[in-house]
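Novice: My questions concern the predicted model and sequence given below.
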Amino acid sequence: MPKKILLIEDELQLIDIYETILKKTGFKVETLRYGFEAQQRLKEIIEGKREKPDLILLDLILPDMNGIEILKEAKNNEATKEIPFFILTNYSDSDLEEISKQLKAEKYIIKTEFTPSQLAKLIDQWFRAKNTKS
Amino acid sequence: MKSQFIMATQHHLRTPLTAMKGYVSMILEGDFGEVSPKTKEKLKGFQSSIERLINLVNEFLDISQIQLGKGILNLKKTKIGDLISEIVEELKPEAQRKNLYFRFEKPSSLPEIKADKEKLREAIFDIVDNAIRYTQRGGVEVKLNINPPAGGQRLNIIVKDTGIGLEKEEKKRLFGEIFARGKKAKEVYTLGRGIGLFIARNIIEAHRGKVWAESGGRNRGSTFFIEIPTG
């Protein structure tokens, strides 16, 4: 079964890039562009109406809110707190990185530091390492 | 206010760069179909320009964070001798390409120091890289020693070159201003941007250290001194 990745990203070109490479790598990808859509999705997961993704790639600067709010909401609820998050942003800020770590985000990735295939490889390796552990 | 502006700017600059980097690398890797060798060659040039622009944005960000006092150090025990050996190995090919001698001396045993390895590496790399960049004949020597004054040991890193040298007033402002470069450096070379030494000074000072330069004058070489407490 392919791993399901939920991409929360508003930039259309980056959506195109990440969807293309992640699908090519063998993941199932779904994208949400707004914070309110992500909040709605969390609510649906909590209510049992939607399946949990295996990983959420979360941009921090969304048109309607800061991605940290979504991370907080997910981690503060029993039903969603185990969903792994990778922060995927171009916002390098030591405070935000620290908050993400405290909220148990798995990684804080600066987008410009990775080519799409490097990012896909990183995610693939992370899933493999996780499978080996569990 | 300044902080918000800088943070917003870095995000806005990096976002289109991410898309450019992403598309170019995917085209080169054949994700959108076959690419001719000629087009590949040109795209690699484009890719390298994008990387330069990304590095430039990162450097501006480093400066802004340092000026905002947000450049937090990640201090860990660091083997400074190994760190400098790595820098020397990395720069050796460039010294060889220019037919310069490039020597490195260190004592047989050195204490570990508490440092932010990546940041300190960046600072020392820039100083040694500059020494090679502005030396056309002769070469560069890197020496590492421990100076034990009262009240604690200090580690000295000395980078001596036989390059273009510095005039008296240049020495004073070299580390102090962004874009400050020696007059001669401006005349002869175009590669340097004058950002590196400013960042280097801030990183070394954040380690409670000092950095300064001495020179006998124009074309008489320069010696850069870095002093960092070991404890």
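Specialist: Good, I have the coordinates.

Novice: contact partners of stretch B:21-34?
Specialist: Contact partners of stretch B:21-34, identified using Cβ atoms under 8 Å, 6 or more residues apart in numbering or on different chains, comprise A:13-14, A:17, A:20-21, A:24, A:112, A:115-117, B:35, B:40, B:43-44, B:46-47, B:50-51, B:54. Quick note: C-beta positions are derived from backbone N, CA and C, even for glycine.

Novice: Pull out the buried members of those.
Specialist: A:14, A:17, A:20-21, A:112, A:115-117, B:35, B:43, B:47, B:50, B:54 (16 or more other Cβ atoms under 10 Å in any protein chain shown).

Novice: quick one: A:Phe27 and A:Ile123 touch, right?
Specialist: Yes. Contact criterion Cβ atoms under 8 Å: A:Phe27 and A:Ile123 qualify, at 7.4 Å.

Novice: overlap in contacts of the two?
Specialist: Residues touching both A:Phe27 and A:Ile123 (Cβ under 8 Å, 6+ apart): A:Ile5.

Novice: for the chain, what's the longest helix?
Specialist: Answering for chain A, as no chain was given. Taking residue count as the measure and DSSP state H as the definition, the longest helix of chain A comes out as helix A:116-133.

Novice: you looked at the wrong chain, it should be chain B
Specialist: Among the elements of type helix in chain B, defined by DSSP H, the one spanning the most residues is helix B:37-67.

Novice: is any part of it close to chain A?
Specialist: Yes. Figure legend: helix B:37-67 in contact with chain A (Cβ under 8 Å from any Cβ of the partner chain); contacting residues B:54, B:57, B:61, B:65.

Novice: May I see the buried residues of that helix?
Specialist: Along helix B:37-67, the positions that meet the burial threshold by neighbour count (16+ other Cβ under 10 Å) are B:43, B:47, B:50, B:53-54, B:57-66.

Novice: Which helix or strand lies directly C-terminal to the helix or strand bottoming out on mean pLDDT in chain A?
Specialist: For chain A, using mean pLDDT, DSSP states H and E, the weakest element among its helices and strands is helix A:94-102, scoring a mean of 89. Downstream of helix A:94-102, the next assigned helix or strand under DSSP states H and E is strand A:107-110.

Novice: For chain A, give me the ranges with low pLDDT.
Specialist: Counting by pLDDT under 70, chain A contains low-confidence ranges at A:134.

Novice: Can you give the contact residues for stretch B:45-54?
Specialist: Stretch B:45-54 has contacts (Cβ under 8 Å, 6+ apart) with A:112, B:14, B:17, B:20-21, B:24-25, B:28.

Novice: In CSV, could you pull the C-alpha coordinates for it?
Specialist: Once non-C-alpha atoms are left out, stretch B:45-54 reads as follows in CSV (Å, rounded to 0.1, in the frame of the first residue of the first chain):
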residue,chain,number,x,y,z
GLY,B,45,24.7,26.9,-15.8
PHE,B,46,21.3,28.1,-14.8
GLN,B,47,21.2,25.8,-11.9
SER,B,48,24.6,27.0,-10.6
SER,B,49,23.3,30.7,-10.8
ILE,B,50,20.2,29.7,-8.8
GLU,B,51,22.5,28.1,-6.1
ARG,B,52,24.6,31.3,-6.0
LEU,B,53,21.4,33.4,-5.6
ILE,B,54,20.2,31.1,-2.8
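
Novice: one step back: just give me the closest of the buried residues of helix B:37-67 to chain A.
Specialist: Distance ranking of the buried residues of helix B:37-67 against chain A, using Cβ to the nearest Cβ, places B:Ile54 first at 5.0 Å.
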